[in-house]
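Participant: got a sequence here, can you build the structure:
(chains A and B)
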Amino acid sequence: MTDSGSASPSLRSDPLAALRRAVNAAAAGVVGAAEAPSGVALERPRKAAHGDFATNAAMVCAPVARDNPRNVARKIGEALAEQLGVDLGAAEVAGPGFLNLRLADGWYRDALAFVLSAPDRFGAGVAESPERINVEFVSANPTGPMHLGHGRNAAYGDSLCRIFEFAGHEVSREFYINDFGSQVARFGASISARARGEHVPEDGYQGEYVDEIAAAIDGAAELEESDLAQRGVAMMIERIRATLERMGVRIDTWFSERTLLDDGRFERALDTLAAASESFEHDGALWLRTSKYGDDKDRVLRRTNGEYTYFSTDIAYHADKYARGFKRLIDVWGADHHGYVARMKSAVAALGGDPDTFEPVIMQLVNLTENGKRVQMSKRSGEFVPVDDLIEDIGADALRFFMVQRSHETTMDLDLALAREQSDKNPVYYVQYAHARIASILRKAGEPGAPEGEGSVEPAAPVTGEAAGQSVPAADSAAGVAAQAVARSTAGAGHELHASERALIRKLIEFPDEIAETCLRRAPHRLTIYGRDLAAEFSAFYRDCKVIGDDAPVQEFRLALCRATRDTLARTLDLLGVSAPQSM
RNA sequence: GCGCGCAUAGCUCAGUGGAUAGAGCGCUGCCCUCCGGAGGCAGAGGUCGUAGGUUCGAAUCCUACUGCGCGCGCCA
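Facilitator: Down below sits the predicted model:
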């Protein structure tokens, strides 16, 4: 939480966090303890009749206080009234013992000032214990182009990384290139065959891209298969890199499997396992005793024929990630790899690591539909829908938004007709439209300072754990001045806030919590919902409240609310890798 | 057979202990002398797969069962 003890706490402390502290303090007081019992929560009721916020504190505390929940709720309400003073509009006991809270307009004005006090930092640095995290994702085989499944993986992985970074983690995005082993040999044989005008071998790679590669390499028909394989892999990686770039996905480290064998890291990893008696020879093969750590059975590292398995180099690869200083490894894998989880976690344990710091995330499958009808011929054909074709069809913004819209753990349908549609039916346009509409209002009001470029907000500066706890920078920016203006209007009388204004502010100040929860749950799909909700709250405000043309203090306040909403929408879209247009 | 995942409105999906379970699409009926109608309002629509259990309270946690998906190689 970005609380601060600076000179103007009302301007700079997170209003939700402060409210949560007040509720905890009141509950602690009632039960006569230093801290409130765990389970006490501040909730946002669905129904307006249940107040602005509500707490279950009394029901949690009642057994401890040995009193009935409604009595306890009344006491907590009285304690809260004392703490919050004029900021608390009302505290009502309801139902089985809920305490429904209404906040005064002054509290809402302070809350908006908080949002605007540091627009680049709002919601940033909320990670409670920042870590050095390595996120490996996509890692598509360099023997073919990225397909549908990789698209979901890329959208998820990149958004997760953006959110981690914004929350204060140090993140490295990594792509593991499987440029070693039998599949690469088959790739080389396939290219060679096509270069010589022959059919690819039975176990080879089909597809026009193999022809294209064969044609693009001078004298391919005369080259060794191993040379063709390496050149083909290089070309495929270049193509994959270009596809990711079209999706707005950045990779920090392209890690070649082959290099592990070239410089001894592979041998060292195997030596480590052997020295710890984690591996053993049996039937002419080398095995890893993964069953010791909960895997169904032991796994082969070196086959009877002397070749090493993919698993063995993967172990060396993960050992290398830890050796590079990462405290947490997240691997984003396709659904077909879930059977691999147990053995890889076992391998981490066998290396002496903590398997809890290795988190494989399994991405479920994507089905393509069009107007509700399946467009894939067979369940396997998804592997042959290239991501490039999808970008061409529906655009990168829609691709990223739709791919990350559903929880990664559920099989999802992507409706091409809806994704293509440029109307309010399409959620990505709905959110972008709200952003563009606010930009238009601000232009009309003669406001300077619209974000530059493609409409995305500037990336947040990295936040360390210490910085996250410090007060925000002084108000020397345009936005800071705006916050001061809002604060000034707080001092004056100020108009009575419309219910839609309050609802919009409430949605805005949820943003830091939303970021924290999204990180914790590794669930970027939450931000697509937040974006839609925020856009909807803005639309209600826009309907109910005239921004431009009323008296000056009201206009000033509402323009400030527009700016806060625009910035938060832009930030949300940016974290999803989707553009936030000034006009559309 | 074993393992992992999933099951919520007609459809696609949110919702990891709180009040009368939500959204979008679709459907029905409305609203443009209005800062962007690329928008908004109202309505119909539910046995949260089934059966037990845990507790003040369960879509949510536990157990069993049913259905669907994926995996189960000295492939990657």
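Participant: which residues touch the residue nearest to A:Thr259 when sequence neighbours are not counted?
Facilitator: Computed as Cβ to Cβ, 6 or more residues apart in numbering, the closest residue to A:Thr259 that is not its neighbour in sequence is A:Arg265, at 7.9 Å. Quick note: C-beta positions are derived from backbone N, CA and C, even for glycine. A:Arg265 makes contact with A:259, A:316, A:319-320, according to Cβ atoms under 8 Å, 6 or more residues apart in numbering.
Participant: which residues touch the spatially most central residue of chain A?
Facilitator: Nearest to the geometric centre of chain A sits A:Leu160, at 3.0 Å (Cα atoms, centre = their mean). A:Leu160 makes contacts with A:135, A:330, A:332, A:522, A:524, as judged by Cβ under 8 Å, 6+ apart.
Participant: ok, the residues you listed vs RNA strand B, which is closest?
Facilitator: Minimum distance to RNA strand B across these is 8.0 Å, recorded for A:Arg522 (Cβ to the nearest atom of the strand).
Participant: quick check: pLDDT value at that closest one.
Facilitator: What the model reports as pLDDT for A:Arg522 is 95.
Participant: that one against A:Val361, yeah?
Facilitator: Yes - the criterion here is Cβ atoms under 8 Å, and A:Arg522 meets it with A:Val361 at 6.1 Å.
Participant: ok, back up a step: check whether the strand or helix carrying the residue nearest to the centre of chain A comes near RNA strand B.
Facilitator: A:Leu160 is part of helix A:148-167 when elements are defined by DSSP states H and E. No - figure legend: helix A:148-167 not in contact with RNA strand B (Cβ under 7 Å from any atom of the strand); closest approach 11.0 Å.
Participant: now chain A against RNA strand B: closest residue?
Facilitator: For chain A, Cβ to the nearest atom of the strand, closest residue to RNA strand B: A:Asp424, 1.6 Å.
Participant: where does the nearest residue to that residue once chain neighbours are set aside sit: helix, strand or coil?
Facilitator: Closest residue to A:Asp424 apart from its sequence neighbours, by Cβ to Cβ, 6+ apart: A:Tyr430 at 5.4 Å. Using DSSP: H, G, I helix; E, B strand; the rest coil, the structure places A:Tyr430 in helix.
Participant: how near is A:Tyr430 to A:Ala417?
Facilitator: 16 Å (Cβ to Cβ, to the nearest Å).
Participant: A:His435 too?
Facilitator: Distance from A:His435 to A:Ala417, by Cβ to Cβ: 24 Å.
Participant: next one: A:Gly248
Facilitator: Applying Cβ to Cβ to A:Gly248 and A:Ala417 gives a distance of 23 Å.
Participant: the more surrounded of these two?
Facilitator: When A:Gly248 and A:Ala417 are compared for neighbours, A:Gly248 comes out ahead with 22 against 15, by other Cβ atoms under 10 Å.
Participant: where does that one fall, phi/psi-wise?
Facilitator: Dihedral pair for A:Gly248: phi 80, psi 20, per degrees, to the nearest 10.
Participant: nearest residue to it other than its sequence neighbours?
Facilitator: Closest to A:Gly248 by Cβ to Cβ, 6+ apart is A:Gly577, at 4.6 Å.
Participant: tell me, how many neighbours does the one you found end up with?
Facilitator: 25.
Participant: in chain A, where is pLDDT below threshold?
Facilitator: Within chain A, the segments meeting pLDDT under 70 span A:1-12, A:376-383, A:448-493, A:550.
Participant: how is it carved up into domains?
Facilitator: Under the assignment automatic domain parsing, the domains of chain A span A:9-103, A:427-575.
Participant: what about the nearest residue to A:Leu351 once chain neighbours are set aside, distance to A:Ser172?
Facilitator: In this structure, A:Leu351 finds its nearest non-sequential neighbour in A:Ala319, 5.4 Å apart by Cβ to Cβ, 6+ apart. Here A:Ala319 is placed at a distance of 16 Å from A:Ser172 (Cβ to Cβ).
Participant: more neighbours: the two, which one.
Facilitator: Counting neighbours by other Cβ under 10 Å for A:Ala319 and for A:Ser172 shows that A:Ala319 has the greater number, 23 against 17.
Participant: list the contacts for that one?
Facilitator: Applying Cβ under 8 Å, 6+ apart, the residues near A:Ala319 are A:265, A:269, A:272, A:351.
Participant: buried ones in the host helix or strand of it?
Facilitator: Here A:Ala319, judged by DSSP H and E, is contained in helix A:310-323. Within helix A:310-323, the residues scored as buried using 16 or more other Cβ atoms under 10 Å are A:311-322.
Participant: separation between A:Arg324 and A:Val332?
Facilitator: For A:Arg324, the distance to A:Val332 - Cβ to Cβ - is 18 Å.
Participant: what does A:Asp52 give?
Facilitator: 38 Å.
Participant: so which of those two has more stuff around it?
Facilitator: Just comparing A:Asp52 and A:Val332: by other Cβ under 10 Å the higher neighbour count belongs to A:Val332, 25 against 21.
Participant: wait, a strand at the more buried one?
Facilitator: Yes - assessed with three-state DSSP, A:Val332 lies in a strand.
Participant: quick check: closest non-adjacent residue to it.
Facilitator: A:Phe137 (3.8 Å).
Participant: repeat for A:Asn426
Facilitator: Distances taken as Cβ to Cβ, 6+ apart put A:Leu418 closest to A:Asn426, at 5.9 Å, once the chain neighbours are dropped.
Participant: need the residues of the stretch 151-300 of chain A near RNA strand B, please.
Facilitator: So the stretch 151-300 of chain A meets RNA strand B at A:178, A:181-183, A:282-285, A:296, A:299-300 (Cβ under 7 Å from any atom of the strand).
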